[in-house]
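# after the sequence you'll find the predicted model.
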Amino acid sequence: MHIESYYDESLAHASYLVLSDGEAVVIDPQRDPAPYLDFLKARSAKLIGVLETHPHADFVSSHLELHRHTGAPIYHSKMLGAKYEHQAFDEGDTLTVGSASIHPLHTPGHSPDSLTYLLKDSAGKGVAIFTGDTLFIGDVGRPDLREKAGNTQGKREELASMMYKTIQEKIKPLDDHLIVYPAHGAGSLCGKNMSDERSSTLGQQREENWALQDLTEEAFVRELLDGQPHIPHYFSYAVELNRKGAPDLQPSLDRIDRIGRPDQIPAGIRIVDVREQKSFKNNHLEHSYNIQLSGKYETWLGSVVKPDEPFYLIAGSPEALREAKYRAARIGYEALIKGGLVFAATARANGQYLDTEAFAKKTEDYTIVDIRQPGEVETNKVFDHAINIPLAELRERASEIPTDKPVVVHCAGGYRSAVGYSILEEALPHTRIFDLSDDVKKFQ
């Protein structure tokens, strides 16, 4: 038996392929099916199932495309309410894979329809658990994503209580030697305290994971609900797209036309410019948001741009444009892209640059907007008189910012502030907007 792991760094998403005696299943696949299909071809293996632990909110799955290519059934809980052909797979059922077997456990908490898959070897001994967004390395899945999305919904307090019972009744009784393979690692917005480790044993998690300690239900729920990160706009959209089944990746990308000139972009439509910040500041088009490819592009694209908002992509090279489209597809946003443009314009400095020495001498002469999360500000407040508006809320709350002084926007290292600068430049057109960028480190 062999377990192959796949990890998408940008979304901190892990998926898995289990191979036994020439038969294989894929668990929680990413949007691009190519890595799994390539592996199967190289091993002359047959895909007999695509398993989903739940309808994912933070990425779009290729389960339907894998089914179309291979004929392998899609397995998940009957509670998911999928709108495509599938096989209900719930606690008490068994799927044989070569000489191994997979047994679903109903583990609600992150979502009401979450499953954990217990993998057993030919002797019936447990080998691993694929925990989806139920148990992470160092944490458990957040319970506040299914209040308005999915076939089966639940209030965050109810789901947090479900998670407590799941941990006590389903996870804790399992054997210490089992390897834990979660669907996410550090950096994912599906939890808040995840480790950098990609896997662990259940015994090690019993010692190190706060959620597996001896806590009352009240204390567990309070800790789980406290300080969860923001919920991007695209999360509920992705849940529904996964329930429906995404279109095949490459045809969906191929329909996006590349245009040759800026004047071919309709007036007033949103533009996402993925170039580096300096190139953006030197010359950019109106209605542009600067969401750079160099960072958490998918997360912030889906946090700033809404899933009903069509947009054009601008990149600095054909290669960057292809990457921007491909990565947008990981969250299903390729459907929103009306076209792409390679923009190699000469500099004309329509961006504003901050004189950091003058700023340092009289910070009170500026309105400072800190766009980090409240928890980050509590841990390290950089400027005492700064206004805290998290980046994910900046578009909606820009009108709260006083405009009687120049505005300086900052985050922790410069990536988010580039996005924030571009938002405020459009939202406050009669105000001088500056980005402190990575110079914020001089003030920390």
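Cool, the structure landed.
# P429 belongs to a helix?
No - P429 is assigned coil when assessed by DSSP: H, G, I helix; E, B strand; the rest coil, not a helix.
# tell me where the chain has helices.
Applying DSSP state H to the chain gives helices spanning 34-43, 63-70, 156-166, 202-208, 217-225, 234-244, 249-254, 277-282, 297-304, 318-329, 356-361, 374-379, 394-397, 415-427.
# ok, which of those helices comes nearest L135?
The closest of those to L135 is helix 202-208. By C-beta to C-beta, the value is 7.0 Å. Where C-beta positions appear, they are placed from N, C-alpha and C, glycine not excepted.
# need the contact partners of the closest one.
Applying C-beta atoms under 8 Å, 6 or more residues apart in numbering, the external contacts of helix 202-208 come out as 129, 135, 137-138, 171-172, 174-180, 200, 212.
# ok, those residues vs V419, which is closest?
Closest approach between the contacts of helix 202-208 and V419, by C-beta to C-beta: G138, at 28.1 Å.
# so who does the residue nearest to the closest one when sequence neighbours are not counted touch?
Excluding its sequence neighbours, the residue lying closest to G138 (C-beta to C-beta, 6 or more residues apart in numbering) is S195, at 3.8 Å. By C-beta under 8 Å, 6+ apart, the residues touching S195 are F136, I137, G138, D139, G185, A186.
# surely the first one touches A186?
In other words, F136. No - counting by C-beta atoms under 8 Å, F136 sits too far from A186 to count as a contact (9.0 Å).
# pick out whichever of these two has more residues nearby.
A direct count of neighbours by other C-beta atoms under 10 Å for F136 and A186 places F136 higher, at 31 against 16.
# residues in contact with the more buried one?
By C-beta under 8 Å, 6+ apart, the neighbours of F136 are P182, H184, G185, C190, G191, M194, S195.
# for S399, see how far away it is.
Look at F136 and S399: by C-beta to C-beta, to the nearest Å, they are 38 Å apart.
# Y164 now?
As for Y164, its distance to S399 is 41 Å (criterion: C-beta to C-beta).
# with neighbour numbers in mind, choose between these two.
Y164 (22 against 8).
# test my guess that that one contacts V221.
Yes - contact criterion C-beta under 8 Å: Y164 and V221 qualify, at 6.4 Å.
# mind checking how far the closest residue to V60 other than its chain neighbours is from G245?
With C-beta to C-beta, 6+ apart as the criterion, V60 has its nearest non-adjacent residue at 4.3 Å, and that residue is G332. Using C-beta to C-beta, G332 is found at 11 Å from G245.
# who has more neighbours out of these two?
More crowded of G332 and G245, by other C-beta under 10 Å: G332, with 23 against 20.
# give me the phi and psi for that one.
Dihedral angles of G332 (phi, psi; degrees, to the nearest 10) stand at phi 80, psi 10.
# ok, which stretches of the stretch 1-150 of the chain are strands?
Assignment of strands within the stretch 1-150 of the chain using DSSP state E, counting those that start in this stretch yields the ranges 2-8, 13-20, 23-27, 46-51, 74-76, 87-88, 95-97, 100-106, 115-120, 126-132.
# which parts of the fourth one are buried?
When burial is assessed from 16 or more other C-beta atoms under 10 Å, strand 46-51 yields the following buried residues: L47, I48, G49, V50, L51.
# please name the bridge partners of the fourth one.
Going by DSSP bridges, V50 is paired in beta bridges with V26, I74.
# quick check, it in contact with H67.
Yes - applying C-beta under 8 Å, one finds V50 in contact with H67, separated by 6.1 Å.
# now the protein, which segments are flagged as low pLDDT?
By pLDDT under 70, the low-scoring segments of the chain are 148-154, 345-351.
# quick one, domains of it?
For the chain, whose domains are defined here by automatic domain parsing, the residue ranges read 2-236, 248-342, 356-442.
# I'd say I27 and V18 touch.
Yes - in terms of C-beta under 8 Å, I27 counts as a neighbour of V18; the distance is 7.1 Å.
# which residue lies farthest from the center of the protein?
The outermost residue of the chain, judged against the average C-alpha position, is K361 (39.4 Å), by C-alpha atoms, centre = their mean.
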